[in-house]
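Engineer: What shape does this take:
(one chain, ligands or ions: 1)
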Amino acid sequence: SFRMNDQVAIVTGAAAGIGRGIAEVFANAGCSVVVSDLALDKAEAAAAAIREAGGKAVAAVCNVTVEEDRVALVKTALSAFGKLTVLVNNAGGGGPKPFEMPMGDFEWAYQLNVFSAFRLMQLAAPHIQHAGGGAVLNISSMAGENKNVRMASYSSSKAAMNHLTRNTAFDLGPMGIRVNAIAPGAIRTAALATVLTPGIEKAMLKRTPLKRLGEASDIGMAALFLCSPASGWVSGQVLTVSGGGLQE
Ligand code: NAD
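Structural biologist: The predicted model follows:
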């Protein structure tokens with residue numbers, strides 16, 4: 001079933017963009033959602049919107065690169081909803097950067113996209129197992145396969161996230177936890193707006209069979225498949241959700 005009644009999900013970076021889209025779709029499917037982000041007021045606004053629409057949501061502050069925040073985030077899910085069954089590692093970013101970038105920028109991409117996701121998986125897995133199993137979803141990027149200038153840090157960190165997904169599926173499968181990733185194409189969000197020009201958008205649409213950019217809800221619906229019982233025998237997969245656009 002695609003229903004998520006009796007499930008409890010943490011979504012990181014959920015005050016805006018793709019994370020917010022995922023949180024809203026999950027809540028519509030009956031899931032209780034911990035909407036976490038850097039700033040409490042923004043997370044609370046997103047959680048309040050879900051509650052006004054009849055869903056179950058609480059807000060939490062979590063900078064995914066900070067250990068105390070990660071530990072507190074898992075505790076919030078348990079105290080607010082009594083258990084944890086789904087973790088969505090959505091907070092991410094870090095690119096594009098010139099080849100000459102300071103090493104701190106390179107390291108940041110890995111902190112944000114790889115280390116944080118892995119550490120949250122470590123913290124969440126025992127609780128998901130205790131709840132009888134569930135799912136982890138990592139929001140990667142088509143950049144994890146594409147090759148381009150200025151993308152060394154971001155692309156390679158998302159490639160690492162893809163392979164983290166495939167490998168941790170083996171670690172967590174015996175605990176009843178499925179681990180998958182989504183590699184989104186271009187989704188209309190604040191992050192995309194910083195790099196999107198009319199010329200770039202035209203070029204993107206030329207390579208996109210469905211002739212539109214993605215919306216956060218497009219990723220939300222794919223996330224619903226991968227985190228609900230509908231995908232009960234799917235694990236270790238990286239699903240490209242891109243309007244049919246191909247990896248370059
Ligand atoms: P966004 O900037 O629209 O939203 C990201 C949210 O994450 C914001 O609310 C921000 O405050 C929060 N955030 C940033 N750093 C954080 C941190 N350290 N800890 C916790 N929260 C943090 O971005 P988006 O486009 O929705 O991107 C979400 C994910 O999707 C990222 O992992 C990104 O790499 C991936 N992605 C996006 C696109 C796209 O086209 N937008 C394409 C491929 C992959």
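Engineer: Show the contacting residues for residue 229.
Structural biologist: Residue 229 makes contact with 1, 2, 3, according to CB atoms under 8 Å, 6 or more residues apart in numbering. From N, CA and C alone the C-beta is placed, and that goes for glycine too.
Engineer: and if we set it to 6 Å?
Structural biologist: residue 1 (CB atoms under 6 Å, 6 or more residues apart in numbering).
Engineer: Show me what counts as buried in the lowest-mean-pLDDT helix or strand in the chain.
Structural biologist: Lowest mean confidence among the helices and strands of the chain (mean pLDDT, DSSP states H and E): helix 190-193, at a mean of 88. By neighbour count on 16 or more other CB atoms under 10 Å, the buried set for helix 190-193 is residue 192.
Engineer: so what does it touch, helix or strand wise?
Structural biologist: Using 3 or more CB pairs under 6 Å, 6 or more residues apart in numbering; DSSP states H and E as the contact test, no helix or strand touches helix 190-193.
Engineer: That one close to the ligand?
Structural biologist: Yes - residues of helix 190-193 are located near the ligand by CB under 6 Å from any ligand atom, namely 190, 191, 192.
Engineer: quick one: contacts for the second one?
Structural biologist: The one in question is residue 191. So residue 191 contacts nothing (CB under 6 Å, 6+ apart).
Engineer: quick one: it and residue 92, what's the gap?
Structural biologist: 9 Å (CB to CB, to the nearest Å).
Engineer: what does residue 86 give?
Structural biologist: The value you get for residue 86 to residue 92, if CB to CB is used, is 17 Å.
Engineer: Comparing the two, which residue is more hemmed in?
Structural biologist: More crowded of residue 86 and residue 92, by other CB atoms under 10 Å: residue 86, with 30 against 26.
Engineer: So what pairs up with the nearest residue to the more buried one once chain neighbours are set aside in the strands?
Structural biologist: Using CB to CB, 6 or more residues apart in numbering and skipping the chain neighbours, the partner closest in space to residue 86 is residue 9 (3.7 Å). Taking DSSP bridges, one obtains residue 33, residue 86 as the residues bridged to residue 9.
Engineer: doesn't residue 33 make contact with residue 9?
Structural biologist: Yes - using CB atoms under 6 Å, residue 9 is in contact with residue 33, at 5.2 Å.
Engineer: Nice, that's everything, thank you.
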